[in-house]
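J.: just a sequence and a predicted model for now, questions to come.
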6 protein chains.
Amino acid sequence: MRLSLPAPQFIDLTFQQVAALPEDTVAILPLGAIEQHGAHLPVSTDYLVATSVAEAAVASVAEAGTANVVLLPGLAYTKSDEHHWAPGTIWLTWETLMNTLIDIGRSLANSPVKKLMFVNGHGGNSALGQVACRELHRRFGLQTFFAHSSVPKDQGGVAAIDVENGFGVHGGHSETSMVLHLRPELVHMDLATRQVPDAMAEYKHIGFGKSVSFGWTSDDFGPGGVIGDPTGASADLGKELFEAAVAKIAESIVEASTFKIG
Amino acid sequence: MRLSLPAPQFIDLTFQQVAALPEDTVAILPLGAIEQHGAHLPVSTDYLVATSVAEAAVASVAEAGTANVVLLPGLAYTKSDEHHWAPGTIWLTWETLMNTLIDIGRSLANSPVKKLMFVNGHGGNSALGQVACRELHRRFGLQTFFAHSSVPKDQGGVAAIDVENGFGVHGGHSETSMVLHLRPELVHMDLATRQVPDAMAEYKHIGFGKSVSFGWTSDDFGPGGVIGDPTGASADLGKELFEAAVAKIAESIVEASTFKIG
Amino acid sequence: MRLSLPAPQFIDLTFQQVAALPEDTVAILPLGAIEQHGAHLPVSTDYLVATSVAEAAVASVAEAGTANVVLLPGLAYTKSDEHHWAPGTIWLTWETLMNTLIDIGRSLANSPVKKLMFVNGHGGNSALGQVACRELHRRFGLQTFFAHSSVPKDQGGVAAIDVENGFGVHGGHSETSMVLHLRPELVHMDLATRQVPDAMAEYKHIGFGKSVSFGWTSDDFGPGGVIGDPTGASADLGKELFEAAVAKIAESIVEASTFKIG
Amino acid sequence: MRLSLPAPQFIDLTFQQVAALPEDTVAILPLGAIEQHGAHLPVSTDYLVATSVAEAAVASVAEAGTANVVLLPGLAYTKSDEHHWAPGTIWLTWETLMNTLIDIGRSLANSPVKKLMFVNGHGGNSALGQVACRELHRRFGLQTFFAHSSVPKDQGGVAAIDVENGFGVHGGHSETSMVLHLRPELVHMDLATRQVPDAMAEYKHIGFGKSVSFGWTSDDFGPGGVIGDPTGASADLGKELFEAAVAKIAESIVEASTFKIG
Amino acid sequence: MRLSLPAPQFIDLTFQQVAALPEDTVAILPLGAIEQHGAHLPVSTDYLVATSVAEAAVASVAEAGTANVVLLPGLAYTKSDEHHWAPGTIWLTWETLMNTLIDIGRSLANSPVKKLMFVNGHGGNSALGQVACRELHRRFGLQTFFAHSSVPKDQGGVAAIDVENGFGVHGGHSETSMVLHLRPELVHMDLATRQVPDAMAEYKHIGFGKSVSFGWTSDDFGPGGVIGDPTGASADLGKELFEAAVAKIAESIVEASTFKIG
Amino acid sequence: MRLSLPAPQFIDLTFQQVAALPEDTVAILPLGAIEQHGAHLPVSTDYLVATSVAEAAVASVAEAGTANVVLLPGLAYTKSDEHHWAPGTIWLTWETLMNTLIDIGRSLANSPVKKLMFVNGHGGNSALGQVACRELHRRFGLQTFFAHSSVPKDQGGVAAIDVENGFGVHGGHSETSMVLHLRPELVHMDLATRQVPDAMAEYKHIGFGKSVSFGWTSDDFGPGGVIGDPTGASADLGKELFEAAVAKIAESIVEASTFKIG
C-alpha cells in the first residue's frame, strides 16, 4: 500500500489519520537556520534551501508513489552559534536543539511512524544532528537518517569551483546560486564579496574537509560574514544544484522506506 | 520613520538590514502547536490559526504604516503535553520550550529589535509563555508581550455559544469555525462530535475560567480528543472570529510599538 | 469516613498514619514569597497571607468535617524574579521552582493522597504553578488544583477601589489591608505611598487584566516597589478580604475532595 | 552596633530594613526534612528539631546582644532520598536542593548580609550542604557555615548510649528524646521498637563514623524505618540535648559574626 | 622558545609552571572509550589506541622541538551509547560528556594555554567532539582542534581491505591490528569473527561514509559486537597504522602550534 | 571462587569476560584531581596518590586472593572548585561530576558487578562522592563505598604533626611526604613554604574537623596555594603513610566483598 495523499503534509492529518499511517512511512524534518549569510543573502538562506529541497523531494516521491512519506514543519531556529555575533542570527544552544530533537522523536515514536529523516540545510547542525540520530534510535527505537540538502565543503562536499579554493562553506558560490534560483529577489549581488581564507590551504592536516577539524566562528574569517566566493554565482547553477539535491533526497527517502541492516 | 518593506518578514532580510531596523520595531512570533484536535480537525489547527492571524495582522499594520513590525517564523512544536497520549501530537517539555523562547529572545536582543510579541494559538502555551515574557524582560531587557490569536475559554475567553456550556476549549465551536474559514478542505465535519463535561458546571470554584484552575490532560474528558461542541461550527463564524482576531492583534502591535509604563 | 485529626497538619503524622489517609484527602500546599513589598510592608507579605488563609481554611473544613484535608508546610521561597533588584527578595529561578513542585508532587504520589491544591499568595507563581499542575497530573496521576489566597489584579481579580485605577497588584490597597488585619505591627503606614502607572490605562489591549499581557519587573514602575495605592488601606477591609478568601478556599477544598470531570 | 529587633525574623523586615542590616549580620537557615521516622515519630521530626534549635539559638544571641543575627524561614523539604520508599517522605533530588540553596545564596548576596549559616537537622543534607557552602562562597562571596542541630552518629556524633551500638542515626535514642521534649503529644512510644544492625559492628573500616562510608537507604535496615533504639528515650534527655544544641549554635553564631581566616 | 621538558606531561607541572607555559603551547587531550569491542578485544581498545598514539606523538614533537606541547590525562569514559547493551561498556550521556569537555576547556582557558587538540580514538565521540570544539572556541576563546588517532570508516576513513566491504568500523581489521601491535596479550584471536552487514552495500545514499548517515547501535549488526572483519588482522599492519597515526598527529600538532585563519 | 587474573584491570577484559565476573567482585574507582598544590607539588598530586594507593591495594588483594576485585581507570578531573583561581587546576562543576559518577554507576549496574568502591585522593570530592554513593545505591541497586587514600584533616583525619596546628589539608606535611615517596623528582622542596591559618585555632566550633564547617576556597588562605606546612616532609614518612593507606584500602576491599547490613 502507498499513501495517496494529495499533499503529504503530516500536519494536515487528523490524529486518527496519523494513527493509521503505514509503518514504513518516512517522516521528513527539514532543519534550517536563521543566521547571517553575508551582506548579499537573507538570514533565511539555510531554512529556505532545506525546506524547498525537502518539499520538492517529498512531492516527487509522493507523486511517483515509490514510498510512503510525510513532511513535517521544518525547524527554522537551530544551532547557529558560529554566527552568534551578527544581528539577525537566532540560535539555539546545543542543549536546547538536542532536547528539541529528542522531544520531536519521542513524540513521533508514539505513532506508527518509526522512520525519521532530517534534511539539513545548515552545516552547523550536522554534528549535533548525528548525535540526535543515535539518541532517538537508542531511546525510542526510531530508524533515523541524516541527509543534507547540500553537503557543505567542510564536511566532505565536493568543491564547486576552483576560485573558492575549497573554502565555500557559507554564503559562497553554491549557496548563493541556490538562492538566486529559489528567491532571486532576496539576493543583493551588488553586495556580494569574496572572503576566502586562502592561506589556510597551506595546512596539510587542519582545515575544512581535512583530517583535523577546528572550532571556528564566522567572524574569525573577517567581518563580512561570508566564507567563500559568491561573486560568480548564477541562477542556472542554482537550478542544477537544487534539482540534483531534490533527486538525491528523493532517492534517499525511497531507500529509507525499506532500509534494513544486515 | 516607518518600515516600508514590501513583505515585512524578518527572515527575508540580510543581517545588515536587521542591524538597521528601527528600535521601535515589534517582532511577532506566532506560537502554534501540532497536536490532536479531535477526529475532525487537523493536528495543525493551532499552528494554522496563530500563523494566519499573525501574518494578516502584520500585513495590515505594515500596509497602514502605523507601526514598524516584522514577522518571525512561527513555532510549530510547542507545549502540548495535555495531548501527549495521541498519535500526531508532537510536544516539547516545559523545559525545552522555555529554553527555546529564552534562546530566541537572547538572540533577538543582539539586534536593534527590543520588542517581541508572541501571538499564541494554543492555550497550553499561555502559562509558560508568560513566564518567558518576564524572563526575557529581566535578562535581556526586551519589552515582551503575550497576545492570543483567540482567547481560550479556560483563560477568560467569552463563551461563544450556550451549547458548549462554557467548555469550548479544544476543537470546539470557535476553533472549528476558524479552520472552516481558513482551510475548509481539512475539516471532517462528518466526524465532529460534541464532548462537553457538562457536569463540571456544578462546581462553583473549580473549572475553566473559574477562580480555581485544575491540571488536566485531554483524555480526562473522553477518547474523542475534543472539549467543546464543534457540530454547529460554520465558516461564516470563523471568518468573523478571524477578522476580529486580526484587528485586535493589529491594534495591539500598534500599542506595543509605543508602549511605556507610567 | 472523615479525618478527625485534632490538627490536620500532614507533618504531625507518622509515615504509617500517612499511609492510612483516605484516598479523597486533599493536601494543601501554600505558596508564599519572600520579596520586597514596598517601604511599608514586610518581605513576608505573600507568605503570611497564603499560609494564614490556607491554615484557616483547612481548620474550618476539618472542624466542619466536610472533607478530608491535610495542610503541608508552605513554600516561603518561590518565583519572585520580578523583584530581583531589591535586597530582601529571595527568589528561585523558574527551573528550580518547577523542579521543587515536581519533586513534592512525585513524593506525594507515593502515598494514598492523590489530590493536591496549591493556595497561592504570590501572583508571580500563578503561571508556573499552572504548568506544574498539568505536569503533576500527567506524570504522577495527581488531581491538582491551583487556588489563590487573593486574586491579583493582573490576573483577573476585581479591582478593590477606584483610586488604584485597576493597578493594585503589589503592596496596594487590598494586600496592605490584609497585613493590617493579620500582623498590624509589621506595617509602616507612614511609609506607604501611592505608585500607580495611571498612563497605562490608555492602552486598550495591553495591560493588567487585559487581553495582551506584558513582561515586567517591579522596578519598571518606579523605585518604591509598590504597584497600587496602599494609603487608604484598613484592617477592617483586610478582615473582610481575609474572611472571604478563607471561605472561598474552604469551599474549594470541599469541591476538590469529590471533584470529577464529566 | 547591635541589632535590637524585638524578633529577629528576616521576613518581618521591609526590604529597606534588609538593605540597612549591618554587614556582620549572620543569617540562619534551618534545614529540616519531611520524612519517615519510624512508627513512633512524626515525619516532621528533623524539621521540628532544626527550626526549634535555630529559633532558640537566634533568640538567645539576640537577647544577649552578642551578634547581629536574623532567622530565615527554614526549608521543610530537602534531600530525603534514603527514605524515598515511605509514604509521608517528601524529598527533593540532589539537583533541586542544590539549586534551591544556590538561589537562596544568590538572592541573599544582593543584600548587605554576607554571612549564611545552615542549621541542619537532617543527616541526609550534610554532604550536599557542604557542597553548597563552597559553591556559595566561590560564586557569590558569601561566608558560609554548616552547623548541625544535632550531629548524627554516622557523621562523627558521639554515641548517646551503649544499647545502640553506635548506630543511632535515625529515629533512635537521642532524636526520640528530642521530640519527647519538644512535642511529646506527637510521639507514639508504644510503637517505638529497636532496629539496630548490630552485625555491622564487626566491620573494622566500613560503617557509620568509620573511615569508609557506604551508600544506604533506610529500608536496607528493615521495614520499621528506624536505625537505632528509641525504646529508652526520655524527655529529660531530650531537654538536655536540646539545650546543649542551642548553646552550641548560639556560640557558633557569635563566632561566625567575626569569623576570619588567617 | 621551546619547552624542553623531559616529559611534557601537563600534570607533572606545578601550577606556577603551568602559569609560565608559552602561549603557543598545544595541549593534547586523548579521548578514549571503555566499551565492548567484540569477543576478541578488550573494552579498553579505543582508550589504549588514543592514549598510545597521543603519547607517542607528543614525545616525538617534544623530542624534535618543533612545537610546545603538553599531554593531558586522557578521558577513559566517553560517549559509548551505541554499545550501551553490553556489560563492560561504561558510557556518559551526551550531556555529561559535553559538560565535561566544557569544564576542561573553561579550566584550561584560565592558564596561558589557548590551544587544545583532542586526539580521539572512538568514532562515537566525533560528532559531539566537534560541537565542543566550537563551544570552547566561542565561549572561552580557545583554539580547538579535533584529530583522530585513526579515522573510522563511517567518517571518511579509507577502507583497509576489501574483505570488510567498507564496513570495518568497530573491532575490525585495522583496530584489531592496532591492539595486536600495542598489547598482543589482550587479543583473543581465536574468538575473532567476521560480522559485516554486506547487504547494506546495495544502498546508494545511506550508509557508512555515504551522503546519508543513519542512527545505529552496535547490536543492530548482530550479537557479536563487531562491525568488520578482524580475522585477518596482524601486528605488522598494526605497527604500520600506529606509526602512520603517530606521524600524522605529530605533524598536526606542529601545524596547530602556529595555526592562523586567513 | 576467586578471580586469578594476572592483572585485575577491568579494562583489560573483553565484554564477555566482564559478563562472567563473579557477583561479589568489587570495582575500585580512584578519584584524583588535577589542581594547584602549591609551588612545590605537581598538579597531579591527588591523582597520583589515589591511583597509586588503589593500584597497590588491588594488587595486594588480588595476590592474596582474599576478594574478587577489579581496578577501573581513575578520574583525573574532578571537583576542584576551591582551586579554581589557579592556572593548572582543571575542575568539573558539581553537576558534571555528579552526572559522571551516575553515568559510571548506571553502566556498571549493567554487568554482574554490583559493588563499587571509590578510593578518593581529593578532599573536595568527599561530600559529593557521598551524595553519589546514595544515588547509585537507590537508583541502580549498587552497593557503594567511599574510601579515602588519605583522610584530610578537615574531614576527621588525624593531624600528622603539631607544627601544622591541625590545618594540614592541602599540600602540607603528609601529602608532600607521599609525593616525595612516590615521585620525588616532581617535588620542589626549595619552594615549599608553610601557610597555616594559626589564628583559626581560636575558634571553638568553626574550623577543619570541628562541629561547624565553613565554605572556603584555597586563595582565602593566601596566594601560596598551600594549607599546611610541607617544610618538614620526608620520603620516609611518605612511605609509611602510603603503606598504611594501601593496607587500609586492601582490608576495606575484603570487607566490601562480603558486606551485609544487619
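T.: All right, it came through fine.
J.: please, which helix or strand holds the nearest residue to A:Phe10 once chain neighbours are set aside?
T.: In space, A:Phe10 comes closest to A:Val70 once its chain neighbours are excluded; the distance is 4.2 Å by Cβ to Cβ, 6 or more residues apart in numbering or on different chains. Where you see a C-beta, it was placed from the backbone N, CA and C, and this is true even at glycine. Using DSSP states H and E, A:Val70 sits in strand A:69-71.
J.: next, the buried residues of the following helix or strand past that strand.
T.: For strand A:69-71, the following helix or strand on the C-terminal side (DSSP H and E) is helix A:94-108. Within helix A:94-108, the residues scored as buried using 16 or more other Cβ atoms under 10 Å in any protein chain shown are A:94-108.
J.: is helix A:94-108 in proximity to chain D?
T.: No - for a cut-off given as Cβ under 8 Å from any Cβ of the partner chain, helix A:94-108 has no contacts with chain D; the smallest distance is 14.9 Å.
J.: residues touching the residue of chain A found nearest chain D, list them.
T.: Closest contact between chain A and chain D, by Cβ to the nearest Cβ, is at A:Glu95 (14.9 Å). Counting by Cβ atoms under 8 Å, 6 or more residues apart in numbering or on different chains, A:Glu95 makes contact with B:99, E:95, E:98.
J.: rewinding a little: let me know the closest of the buried residues of helix A:94-108 to B:Val226.
T.: Proximity of these to B:Val226 (Cβ to Cβ) peaks at A:Ser107, which lies at 20.2 Å.
J.: find the nearest non-adjacent residue to that closest one, please.
T.: Using Cβ to Cβ, 6+ apart and skipping residues adjacent in sequence, the residue nearest A:Ser107 is B:Ile90, 4.1 Å away.
J.: average pLDDT for stretch A:42-53?
T.: The average pLDDT for stretch A:42-53 rounds to 98.
J.: wait, I meant stretch A:205-223
T.: 96.
J.: now that stretch: how far from the chain's centre is it?
T.: Put simply, stretch A:205-223 sits 20 Å off its chain's centre (Cα atoms, centre = their mean, to the nearest Å).
J.: buried residues, it. List them.
T.: Burial within stretch A:205-223, assessed by neighbour count using 16+ other Cβ under 10 Å, is assigned to A:205-216, A:218-221.
J.: likewise stretch A:177-185?
T.: Using 16+ other Cβ under 10 Å as the test for burial, stretch A:177-185 gives A:177-183.
J.: need those in a markdown table (columns: pLDDT and distance to chain E).
T.: As requested, the buried residues of stretch A:177-185 are exported to a markdown table (pLDDT from 0 to 100; distance: Cβ to the nearest Cβ, whole Å):
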| residue | pLDDT | distance to chain E |
| --- | --- | --- |
| A:Ser177 | 96 | 19 |
| A:Met178 | 96 | 17 |
| A:Val179 | 98 | 22 |
| A:Leu180 | 98 | 24 |
| A:His181 | 97 | 21 |
| A:Leu182 | 97 | 21 |
| A:Arg183 | 97 | 25 |
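J.: wait, which of these is closest to B:Ala235?
T.: Within the buried residues of stretch A:177-185, proximity to B:Ala235 (Cβ to Cβ) peaks at A:Arg183, which comes in at 32.7 Å.
J.: please look at the closest one and A:Thr45 and confirm they touch.
T.: No - at 9.1 Å, A:Arg183 does not count as touching A:Thr45 under the criterion of Cβ atoms under 8 Å.
J.: can you get me a residue count around the residue nearest to A:Pro73 when sequence neighbours are not counted?
T.: Distances taken as Cβ to Cβ, 6+ apart place B:Ala76 nearest to A:Pro73, at 3.8 Å, with adjacent residues excluded. Residues contacting B:Ala76 under the criterion other Cβ atoms under 10 Å in any protein chain shown number 25.
J.: B:Ala76: what's it in contact with?
T.: Going by Cβ under 8 Å, 6+ apart, B:Ala76 touches A:11, A:73, B:32-34, B:44, B:47, B:90.
J.: ok, A:Pro22 to A:Thr14 distance?
T.: 16 Å (Cβ to Cβ, to the nearest Å).
J.: kindly report the same for A:Ala27.
T.: According to Cβ to Cβ, A:Ala27 and A:Thr14 sit 16 Å apart.
J.: other SSEs contacting the host helix or strand of A:Gln17?
T.: According to DSSP H and E, A:Gln17 maps onto helix A:15-19. For helix A:15-19, there is no helix or strand it packs on, judged by 3 or more Cβ pairs under 8 Å, 6 or more residues apart in numbering or on different chains; DSSP states H and E.
J.: and the biggest helix by length in chain A, what's its mean pLDDT?
T.: Longest helix in chain A by number of residues (criterion: DSSP state H): helix A:235-257. Taken as a whole, helix A:235-257 has a mean pLDDT of 96.
J.: name the residues of it that come out as buried.
T.: For helix A:235-257, the neighbour count (16+ other Cβ under 10 Å) marks A:235, A:237-238, A:241-242, A:245-246, A:248-257 as buried.
J.: restrict the residues you listed to those near chain E?
T.: A:248, A:251-252, A:255-256.
J.: if we can go back for a sec, tell me the one among the buried residues of stretch A:177-185 nearest to A:Glu135.
T.: Looking across the buried residues of stretch A:177-185 and measuring by Cβ to Cβ, the closest to A:Glu135 is A:Met178, at 30.1 Å.
J.: from chain C, how far out is that closest one?
T.: Distance, A:Met178 to chain C, by Cβ to the nearest Cβ, to the nearest Å: 38 Å.
J.: hmm, that residue is touching A:Gly171, no?
T.: No - counting by Cβ under 8 Å, A:Met178 stays clear of A:Gly171, with 10.8 Å between them.
J.: who touches both of these two?
T.: Residues touching both A:Met178 and A:Gly171 (Cβ under 8 Å, 6+ apart): A:Thr45.
J.: rewinding a little: which among the contacts of B:Ala76 end up buried?
T.: For the contacts of B:Ala76, buried by 16+ other Cβ under 10 Å: A:11, A:73, B:32-34, B:44, B:47, B:90.
J.: secondary structure added to those, as a markdown table?
T.: Shown next, in a markdown table, are the buried ones among the contacts of B:Ala76 (DSSP: H, G, I helix; E, B strand; the rest coil):
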| residue | secondary structure |
| --- | --- |
| A:Ile11 | helix |
| A:Pro73 | coil |
| B:Gly32 | coil |
| B:Ala33 | coil |
| B:Ile34 | strand |
| B:Ser44 | coil |
| B:Tyr47 | helix |
| B:Ile90 | strand |
